[in-house]
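Visitor: Quick one: sequence plus predicted model below, questions after.
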Amino acid sequence: AQSVTQLGSHVSVSEGALVLLRCNYSSSVPPYLFWYVQYPNQGLQLLLKYTTGATLVKGINGFEAEFKKSETSFHLTKPSAHMSDAAEYFCAVSPNTGGGNKLTFGTGTQLKVEL
Amino acid sequence: ETGVTQSPTHLIKTRGQQVTLRCSSQSGHNTVSWYQQALGQGPQFIFQYYREEENGRGNFPPRFSGLQFPNYSSELNVNALELDDSALYLCASSSSSGGSYEQYFGPGTRLTVT
């Protein structure tokens, strides 16, 4: 079974500061990895994904994440936070072995951006 | 390109009642997944439909059932509602072709059970 752990249910940063949201996964084989963002009263929007190839992936809104197999991690970063980044962020995994692409989500990290 | 739509946006039901939630998938997508997101939690996989057949199910009781129609739209039905069924229900569509792995989510239906 796959699982996702997001360290820190709440993260607060100053505008212009580095954003680092942590995600570790547990899987018998390297899964596909995703970060989604959820704004209040909205659905989930895909930020970025890792399937194969380059381990540093770039997404929308200046976010990027690096897949580190040895650390079973897929941390999300953004060099400079903007007020509009305040939202909830979810890390998710899905199997890479076919049979559908069910997503297993972490419990989420609420990002607060302060002036 | 039309995104994933869900109806209704909000719903209030009484314990023991039945509810049907609806989802229209994104154009060109043949797979629909349903997720339950309780307050303060990450979404939990309920089940997935591919070409009108259930294609995987999470740890939810049989009173959660679904349908997918020939146009790939979908319904989630919940019988004998319980208070713990109060949640945001998310529908996501995806394509099984071209090696695409992304799921595109709708805005969700907020279900409140009293």
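Guide: Received the coordinates, thanks.

Visitor: Apart from its neighbours in sequence, what residue is nearest whichever residue of chain B sits closest to chain A?
Guide: Closest approach between chain B and chain A, counting by C-beta to the nearest C-beta: residue B:42, at 3.5 Å. Quick note: C-beta positions are derived from backbone N, CA and C, even for glycine. Ranked by C-beta to C-beta, 6 or more residues apart in numbering or on different chains and with sequence neighbours excluded, the top spatial neighbour of residue B:42 is residue A:105, at 3.5 Å.

Visitor: May I have the phi/psi pair for the spatially most central residue of chain B?
Guide: The C-alpha lying nearest the average C-alpha coordinate of chain B belongs to residue B:34 (C-alpha atoms, centre = their mean; 3.0 Å). Backbone torsions for residue B:34, taken as degrees, to the nearest 10, come to phi -120, psi 140.

Visitor: Pretty sure it sits against residue B:87.
Guide: No - Residue B:34 is beyond contact range of residue B:87, at 11.2 Å (criterion: C-beta atoms under 8 Å).

Visitor: The residue nearest to residue B:42 and residue A:91 touch, don't they?
Guide: Yes - taking contacts as C-beta under 8 Å, residue A:105 lies within contact range of residue A:91: 7.2 Å.

Visitor: The two - which one has more neighbours?
Guide: Shown here are residue A:105 and residue A:91; by other C-beta atoms under 10 Å in any protein chain shown, residue A:91 has more neighbours (29 against 22).

Visitor: mind listing what the spatially closest residue to residue A:4 that is not a sequence neighbour touches?
Guide: Sequence neighbours aside, residue A:106 is the residue nearest to residue A:4 in space, at 3.8 Å (criterion: C-beta to C-beta, 6+ apart). By C-beta atoms under 8 Å, 6 or more residues apart in numbering or on different chains, the contact set of residue A:106 is A:4-6, A:23, A:90-92, B:42.

Visitor: Which residue ranges of chain A form strands?
Guide: For chain A, the strands defined by DSSP state E occupy A:3-5, A:10-14, A:19-21, A:24-26, A:32-38, A:44-50, A:56-58, A:64-68, A:73-78, A:87-94, A:104-105, A:109-114.
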